[in-house]
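# below are the sequence and a predicted model for it; my questions follow.
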Amino acid sequence: MARDVPSNDREFIAEMKKFSGAARLKPAAYGVTVAELDALDAFSAEVEAAQDAEDAADTTARAAVKNTAAKRQPAEVLYRALRSDAYDNASEEEQVEAGLEPRKKPSKTEPTPPQNLRVEGGTSGINALQWGAGDNPEGTEYVLFERDLPTENWRMFDVVGTLRAKQSGQTVGKTKYYQVAARRRGIVSEPSNVAIAFGSG
C-alpha cells in the first residue's frame with residue numbers, strides 16, 4: 001500500500017516538486033495535464049512562501065502571511081488527485097521516478113466472489129468476519145453487507161482492503177446475516193456465501 005502524503009510541510013513541498021518534475025517529462029504516462037502541473041507548482045510555491053514566513057524570526061513577517069495550513073489544503077487536494085492518476089496510469093518505474101512508493105496495479109480482470117465467509121459473534125458486542133480472497137489479487141477492495149432478517153434487503157456497512165473486518169455495537173445473541181463482495185476498478189463481484197452470527201446455517 002502506498003504511503004500517505006508527508007505531514008511535514010518541507011517534505012510535502014519536496015515531494016510535490018519531485019512529482020511535478022517527473023510528470024512534466026511525460027504527462028500522458030501519468031494521466032495528468034500540464035495545466036494541472038502548473039496549478040500544483042503554484043500551490044507548492046504558496047505553501048513554501050507561507051512556511052518560510054512562519055520560520056522567520058520576524059513576527060511582522062509571520063503576521064503578513066496566512067497560516068501554512070491554509071495554503072497547504074488546496075495543494076494537498078490537487079496533489080492527492082494527481083498522485084492517484086499516476087498510480088492508475090504510470091508504470092512502477094515511473095512512479096519511482098516521481099518520488100512515489102510504487103504499488104502494483106490491480107488486475108483489470110473482473111473481481112470474483114470472495115470465498116468461505118465466516119463470522120464469530122463475540123461476547124463484547126463485536127462480530128468478527130473473515131474470508132478468503134479467492135482469485136482476487138492484492139489491491140482488491142471488499143464491500144461488506146448486513147441484514148437482521150433473511151427477508152430484508154442487504155445494507156452495506158463497510159469497505160475494507162483486507163480479508164477481515166469487525167462490526168461493533170451489536171447485541172450479543174442477536175442473529176445477524178452477512179455477505180461480502182469484491183470490488184475492483186468500480187466493478188463489484190457477485191456476493192460470497194451468507195454467514196450468520198448467533199444463528200444456524
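Looks like it came in fine.
# how about the secondary structure of residue 51?
helix (DSSP: H, G, I helix; E, B strand; the rest coil).
# contacts only, for it.
By C-beta atoms under 8 Å, 6 or more residues apart in numbering, the contact list for residue 51 reads 9-10, 13, 68. Every C-beta, even on glycine, is put in place using the N, C-alpha and C of the backbone.
# redo that, cut-off 10 Å
Each residue near residue 51 by C-beta atoms under 10 Å, 6 or more residues apart in numbering is listed here: 8-10, 12-13, 65, 68, 71-72.
# distance check, it against residue 18.
Applying C-beta to C-beta, to the nearest Å, the value for residue 51 to residue 18 is 17 Å.
# what's stretch 162-174 in contact with?
Counting by C-beta under 10 Å, 6+ apart, 114-115, 118-133, 136, 140-142, 144, 146, 148, 157-160, 176, 178, 180, 197-199 sit against stretch 162-174.
# could you flag which of the residues you listed are buried?
114, 119, 121, 127, 129-131, 133, 136, 140-142, 144, 146, 176, 178, 180, 197 (16 or more other C-beta atoms under 10 Å).
# inside helices: which ones of those?
The helices, defined by DSSP state H, take in nothing from these.
# hmm, back to that, out of the contacts of residue 51, which is nearest to residue 85?
Nearest to residue 85 among the contacts of residue 51 is residue 12, at 18.2 Å by C-beta to C-beta.
# that closest one in helix, strand or coil?
With three-state DSSP as the criterion, residue 12 reads helix.
# would you confirm that it contacts residue 18?
No - with contact defined as C-beta atoms under 10 Å, residue 12 and residue 18 do not form a contacting pair (11.0 Å).
# who's more crowded, those two?
Between residue 12 and residue 18, counting by other C-beta atoms under 10 Å, residue 12 is the more crowded of the two (21 against 14).
# lowest-confidence helix or strand of the protein?
Within the chain, confidence by mean pLDDT, DSSP states H and E is lowest for helix 59-64 among all helices and strands, at a mean of 56.
# helix or strand next in line after it, which one?
helix 68-89 (DSSP states H and E).
# how close does the nearest residue to residue 91 once chain neighbours are set aside sit to residue 41?
Nearest non-adjacent residue to residue 91, counting by C-beta to C-beta, 6 or more residues apart in numbering: residue 29, 7.5 Å away. For residue 29, the distance to residue 41 equals 19 Å [C-beta to C-beta].
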